[in-house]
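Colleague: Could you work out the structure for the sequence below:
(chains A and B)
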Amino acid sequence: MASVTGTAPALSTGASAPPERRRSNWVPYALLLPGLLWLFVFFVVPMITLFSQSLQEGSIDEGYTFTGNVGIYAEALQSYFPQLLRSIGYAASATVLALLLGYPLAYFMALKAGRWKNVLLVLVIAPFFTSFLIRTLAWQTILSDVGPVTSFARSIGLTNLLQAVGLTSNDNLMASKFAVICGLTYNFLPFMILPLYASLERLDPRLVEAAGDLYASPAQGFRFVTWPLSLPGVVAGTLLTFIPAAGDFINSKLLGNTQTVMIGQVIDAQFLRVLNYPLAAALSFVLLVLILALVMAYVRKAGTEELV
Amino acid sequence: MRWVKRHLLAFAALAVLFYMLIPNVVVAIFSFNKPRGRYNYQWTEFSTEAWQHPCGTPGICESLGLSLRIGITASFVATVLGTMVAFALGRHRFRGRAGTNLLVFMPMATPEVVMGSSLLTLFVMMGVPSGSEAILIAHIMFCLSFVVVAVKARVASLDPRLEEAAADLGANAVQTFLRVTLPLAAPGIAAGALLAFSLSFDDYIITNFNASPSSITFPMYVWGASTRGTPVQINVIGTIMFLIALVVVVGGQAYSSRRQKAA
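Modeller: Model prediction:
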């Protein structure tokens, strides 16, 4: 269970340990060089310039000078702690919801769908290839205050319930915490389903049958056989959902209100409209460190060594 | 009741699928709308006007063209570079393997807003102007890792004995690579390229940090429209994209299952 992307079929001998080649040793380095150089220059170096930018003072017009102003981090955290916390909270809620929704579908596709398997897979993948902004705008239409969904939710008392638990602030569905979390869950659901499907599809159904033969109830069979074997998919899926959701601001901007502003929205505005580069860079760096820390802790706990 | 209980899982799965597909259905339905105001949120009357003039609103097809150009270039470069990295990881022993894996994994574990903003600081410091070149550089960067993962999975599952057989039959290293290894890895490479294209074509967050007013990509156009008023043409293009995606995915599946049967 070490690798999320899985090991090769038993037929192949050299899946995790590549075969020794009688070639000279420079070949792998030559293959790696252009790609890794690109990642280094346009991913690693920008992280350094981002950190450096956060410790500079000045303005766009007059230029920035490095002053080592670490106080900017205190200022950033003080001003935008609620947004930061909210982003983590929304992303975590969306991840849990996506797991709850995605697992049954992935399980059904992998083990029960039979000849419909490929059709379902197409229907899961195809929306992913269509512009997600357009699809998020469609949620504005679906949850519109005058639309049938909202009036149905009103008639069954759902709007009152959502208002009572604080997910909405009036008897509409749009422009609320509820709409933002719905949108986040929707947008990143394929990222949850595909890794789940990949690990469930490799599951040997005979193992679950064996559990049944040994008098395990279906629930016990799931708890002790299916679930543990699908864990690599769960880990990969939750990471692929949580990370982009935590930095997202499309959903909070299009489906939320001023009370649902997420940290990505603040970073975007500070960089591109307020033009306060040091503060924006500090926030961006805090988000990066926070996500990395959470991911590291989670991966260590889940015991998945190699993710790529 | 028993029947319902037995098919509970199927109902749950279909309900989730419904949740995933309903926005696409709404986009398609509203592409036949003729809204009265600037926003296409409420159904007024049936019209095929937008379908007859998909470019009938200023800027939309220019932005589509730019997104296509950036998407094709970025996915091509990312596929070449990513495939090379994937072959090195899947086919060779070398020092620094763990570091390479980490460097490939990191962009996928970084929120887009952080990657976009950090690239902005790099470009500002280096004096690189924002615009389509900056967008292209950014897209190649974040697509690369996904290509590596897609191709590596395929390369790792190849049987090395096939290459050995080619060598035994007198093929040299280049011939073995071109005639045996590359065709066998092709489905993984195609999947990686397709994924890279769709990621690039659909990206808004990173693009927005590196764009200039003269480089409006399609997602940026849609974003702008969401504040100015949404032309029906957006729905038309969204629906066409969905149909193309369906054809491509169905085609890919049919092709791979035919190959599996043949093998």
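
Colleague: which residues of the stretch 51-200 of chain A score low on pLDDT?
Modeller: Of all residues in the stretch 51-200 of chain A, none has pLDDT under 70.

Colleague: Tell me where it has helices.
Modeller: A:71-107, A:117-128, A:132-142, A:148-155, A:158-164, A:177-201 (DSSP state H, counting those that start in this stretch).

Colleague: so which of those helices gets nearest residue B:166?
Modeller: Closest of the helices of the stretch 51-200 of chain A to residue B:166 is helix A:177-201, at 30.0 Å (criterion: CB to CB). The C-beta positions use only the backbone N, C-alpha and C, and glycine is treated the same way.

Colleague: That closest one vs helix A:117-128, what angle?
Modeller: If you take axes from the mean of the first three to the mean of the last three CA atoms, to 10 degrees, helix A:177-201 sits at 140 degrees to helix A:117-128.

Colleague: quick one: helix A:177-201 to chain centroid distance?
Modeller: 8 Å (CA atoms, centre = their mean, to the nearest Å).

Colleague: After that helix, which helix or strand is next? Please name it.
Modeller: Downstream of helix A:177-201, the next assigned helix or strand under DSSP states H and E is helix A:205-213.

Colleague: who touches that next one?
Modeller: Contacts with helix A:205-213, where a contact means CB atoms under 8 Å, 6 or more residues apart in numbering or on different chains, come from A:111, A:218, A:220, A:221, A:224, A:225, A:226, A:229.

Colleague: Spatially nearest residue to the closest residue to chain A within the stretch 51-200 of chain B (excluding sequence neighbours)?
Modeller: Nearest to chain A in the stretch 51-200 of chain B, going by CB to the nearest CB, is residue B:111, at a distance of 2.4 Å. Using CB to CB, 6 or more residues apart in numbering or on different chains and skipping the chain neighbours, the partner closest in space to residue B:111 is residue A:247 (2.4 Å).

Colleague: Confirm for me that the one you found is in contact with residue B:112.
Modeller: Yes: under the criterion of CB atoms under 8 Å, residue A:247 makes contact with residue B:112 at 5.7 Å.

Colleague: Please enumerate the shared neighbours of those two.
Modeller: Joint contacts of residue A:247 and residue B:112 (CB under 8 Å, 6+ apart) are residue B:205.

Colleague: Chain B contacts on the stretch 201-308 of chain A?
Modeller: A:239-240, A:243-244, A:246-250, A:254, A:263-264, A:267-268, A:271-272, A:277, A:280-281, A:284-285, A:287-288, A:291-292, A:295, A:306-308 (CB under 8 Å from any CB of the partner chain).

Colleague: Show me how to select, in PyMOL, the buried members of those.
Modeller: A single PyMOL command is used to select the members of these judged buried by 16 or more other CB atoms under 10 Å in any protein chain shown:
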select buried, chain A and resi 239+240+243+244+246+247+248+249+250+254+263+264+267+268+271+277+280+281+284+285+287+288+291+295+307+308
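
Colleague: out of the residues of the stretch 201-308 of chain A next to chain B, which are inside helices?
Modeller: Among these, the subset assigned to helices under DSSP state H consists of A:239-240, A:243-244, A:246-247, A:250, A:254, A:263-264, A:267-268, A:271-272, A:277, A:280-281, A:284-285, A:287-288, A:291-292, A:295.

Colleague: Now the helices of the stretch 51-200 of chain A in a markdown table, please, with extra columns for mean neighbour count.
Modeller: Converted to a markdown table, those look like this (neighbours: other CB atoms under 10 Å in any protein chain shown):
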| stretch | mean neighbour count |
| --- | --- |
| helix A:71-107 | 19 |
| helix A:117-128 | 19 |
| helix A:132-142 | 23 |
| helix A:148-155 | 14 |
| helix A:158-164 | 16 |
| helix A:177-201 | 24 |
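
Colleague: export those helices to CSV and tack on distance to residue B:174?
Modeller: Shown next, in CSV, are the helices of the stretch 51-200 of chain A (distance: least, CB to CB, whole Å):
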stretch, distance to residue B:174
helix A:71-107, 42
helix A:117-128, 35
helix A:132-142, 42
helix A:148-155, 60
helix A:158-164, 64
helix A:177-201, 34
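
Colleague: Nearest to residue B:16 among the ones you listed would be which one?
Modeller: helix A:71-107 (4.3 Å).

Colleague: Contacts (any at all) between chain B and the closest one?
Modeller: Yes: shown here: helix A:71-107 in contact with chain B (CB under 8 Å from any CB) through A:101, A:102, A:104, A:105, A:107.

Colleague: Run a quick neighbour tally on the closest residue to residue A:252 other than its chain neighbours.
Modeller: Excluding the flanking residues, the one nearest residue A:252 by CB to CB, 6+ apart is residue A:262, at 4.3 Å. Burial of residue A:262 is recorded as 29 neighbouring residues (other CB atoms under 10 Å in any protein chain shown).

Colleague: how close does residue A:262 sit to residue A:94?
Modeller: According to CB to CB, to the nearest Å, residue A:262 stands 11 Å off from residue A:94.

Colleague: Also residue A:80?
Modeller: In terms of CB to CB, residue A:80 sits 20 Å off from residue A:94.

Colleague: pLDDT value on residue A:303, please?
Modeller: On the pLDDT scale, residue A:303 is placed at 62.

Colleague: ok, now residue A:24?
Modeller: 60.

Colleague: Ok, the one 5 residues further on next?
Modeller: Residue A:29 is assigned a predicted lDDT (pLDDT) of 93.

Colleague: check contacts around it.
Modeller: B:88, B:94.

Colleague: Give me the buried positions along the one helix or strand it maps to.
Modeller: Element membership of residue A:29 [criterion: DSSP H and E] is helix A:26-39. Going by neighbour count (16+ other CB under 10 Å), the buried part of helix A:26-39 is A:27, A:28, A:31, A:32, A:35, A:36, A:38, A:39.

Colleague: Same check on stretch B:85-100?
Modeller: Per 16+ other CB under 10 Å, stretch B:85-100 contains these buried residues: B:85, B:86, B:87, B:88, B:89, B:90, B:91, B:92, B:94, B:100.

Colleague: Return only those of those residues found close to chain A.
Modeller: B:85, B:87, B:88, B:89, B:90, B:91, B:92, B:94, B:100.
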